[in-house]
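Q: can't give you the sequence, but here's the structure:
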């Protein structure tokens, strides 16, 4: 088997490491958050943990494919499908709670997506998967059920992605402090980015597509992390730009002016 | 039309915090105009009716002088008999503007609440 598969597994574990660091940092930072935003922080922690769990099993699955343990790879695919199916639940809770601020409504709407996830899993386990088909760069499975694919596309991806886009538009059209607007926009873009590439990852027709999707997911996780935990130096620079409306390096030169 | 004194006070404070002390930022102006607009152009509004709302935020004298110095002088309301006022067309326009300032306040508050719920 090829080096590409090992690289694929490595990217998966890098994603696991990044998402775990993100979830742990969010957890430690929770006490600094306002009470109103605590439910959304919890939803984000669950979301990133589920992304990490999915890629943890995917990484092991790729290693199993590398070692030619195809039956184990198949079981690992099924196990990995569980966090994958419920990834929309905290995400929907996050969006609905931000917009409405009602925990009961958010809980109700996310329960609908919990049912969607359940239906997807029932269809997936019921009809099974075809594969694995292992290539130089990855190991893919084909979902053997149109119901599962339809539920997955419509319920688990199109609706939540539209919700993210709606929230993004809502924030961008409002008069919000620029720094905050950037932070919110980038964090939503990172979530949407990861979400869409996870879709591609799961229905990837080839190992190379899967590998490319995973690299983009890793970039998305890193982007999401830096949105919330900006390095101190960059943070100060942005703060300066915010305060003066321009970068310190762009300040006009007064050398030639008379004292 | 229900007039919520507490809400109107909140809205007035919001505009005052932006340096707008007259008009939308003046609680007396808001309440007088809303009471007059509620009764419309066809009904006389008694001074006592206005005081039902304004007594909680201002004394009788300042409401009387506000009615005279602002509402009557600017043609927002006309005095009818003893202690009665009728809103004019111009006054109704001013009332519409005051209602739109309430809507703007609600919009700003909604966005503020949304932002507060987003983890910082």
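A: Yep, it's here. Predicted, not measured: the structure shown is a model, and the values here were computed from it. Residues are numbered from 1 along each chain as shown, chains lettered A, B, ... in the order given.
Q: number of nearby residues for residue 10?
A: Reading this off chain A. 14 (other CB atoms under 10 Å in any protein chain shown). For the C-beta atoms, the positions are set from N, CA and C on the backbone; glycine is no exception.
Q: my bad, chain B
A: 14.
Q: okay, and the most centrally placed residue in chain B sits in which element?
A: Nearest to the geometric centre of chain B sits residue B:30, at 1.1 Å (CA atoms, centre = their mean). Element membership for residue B:30 (DSSP states H and E) is helix B:27-39.
Q: verify the contact between the residue nearest to the centre of chain B and residue B:12 for me.
A: Yes - the pair formed by residue B:30 and residue B:12 meets the contact definition of CB atoms under 8 Å, at 5.8 Å.
Q: between the two, what contacts are shared?
A: Common contacts of residue B:30 and residue B:12 (CB atoms under 8 Å, 6 or more residues apart in numbering or on different chains): residue B:24.
Q: close to chain B: what parts of chain A are there?
A: A:26, A:33-34, A:36-37, A:39-41, A:44, A:97-99, A:101, A:170-171, A:174-176, A:180, A:183-184, A:228 (CB under 8 Å from any CB of the partner chain).
Q: what about these, which are in helices?
A: A:26, A:39-41, A:44, A:97-99, A:170-171, A:180, A:183-184, A:228 (DSSP state H).
Q: got a winner among the residues you listed for most neighbours?
A: Going by other CB under 10 Å, residue A:98 tops those with 27 neighbours.
Q: and the two most separated of the ones in helices among the residues of chain A next to chain B?
A: Taking CB to CB as the measure, these span a maximum distance of 22.7 Å, between A:26 and A:170.
Q: count of neighbours near residue B:106?
A: By other CB under 10 Å, 12 other residues sit near residue B:106.
Q: which helix or strand contains it?
A: Residue B:106 belongs to helix B:89-117, assigned by DSSP H and E.
Q: show me which residues of that helix are buried.
A: B:91-92, B:94-95, B:98, B:101-102, B:105, B:111, B:114-115, B:117 (16 or more other CB atoms under 10 Å in any protein chain shown).
Q: closest one of the residues you listed to residue A:12?
A: Among the buried residues of helix B:89-117, and counting by CB to CB, the member closest to residue A:12 is residue B:117, at 32.5 Å.
Q: that closest one contacts residue A:100, correct?
A: No - using CB under 8 Å, residue B:117 is not in contact with residue A:100; the gap is 9.2 Å.
Q: excluding residues flanking it in the chain, which one is nearest the residue of the stretch 101-250 of chain A at minimum distance from chain B?
A: Nearest residue of the stretch 101-250 of chain A to chain B (CB to the nearest CB) works out as residue A:174 at 4.8 Å. The spatially closest residue to residue A:174, leaving aside those adjacent along the chain, is residue B:111, at 4.8 Å (CB to CB, 6 or more residues apart in numbering or on different chains).
Q: show me the contacts for the one you found.
A: Contacts of residue B:111 by CB under 8 Å, 6+ apart are A:174-176.
Q: and those as TSV, adding pLDDT and distance to residue B:6?
A: Below are those laid out as TSV (pLDDT from 0 to 100; distance: CB to CB, whole Å):
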residue	pLDDT	distance to residue B:6
A:174	80	26
A:175	80	26
A:176	79	27
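Q: buried among those residues? Need that as a selection in ChimeraX.
A: Buried members of those, defined by 16+ other CB under 10 Å, are picked up in ChimeraX with:
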select /A:176
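Q: thinking again about what came up before, the helix holding residue B:106 - what's its average pLDDT?
A: Averaging pLDDT along helix B:89-117 yields 92.
Q: check the offset of it from the chain's centre.
A: Relative to the chain's own centre, helix B:89-117 is displaced by 12 Å; criterion: CA atoms, centre = their mean, to the nearest Å.
Q: angle of that helix against helix B:27-39?
A: 120 degrees (axes from the mean of the first three to the mean of the last three CA atoms, to 10 degrees).
Q: in what helix or strand does the residue nearest to residue A:167 when sequence neighbours are not counted lie?
A: Nearest residue to residue A:167 in three dimensions, chain neighbours excluded: residue A:95, at 5.4 Å (CB to CB, 6+ apart). Element membership for residue A:95 (DSSP H and E) is helix A:88-100.
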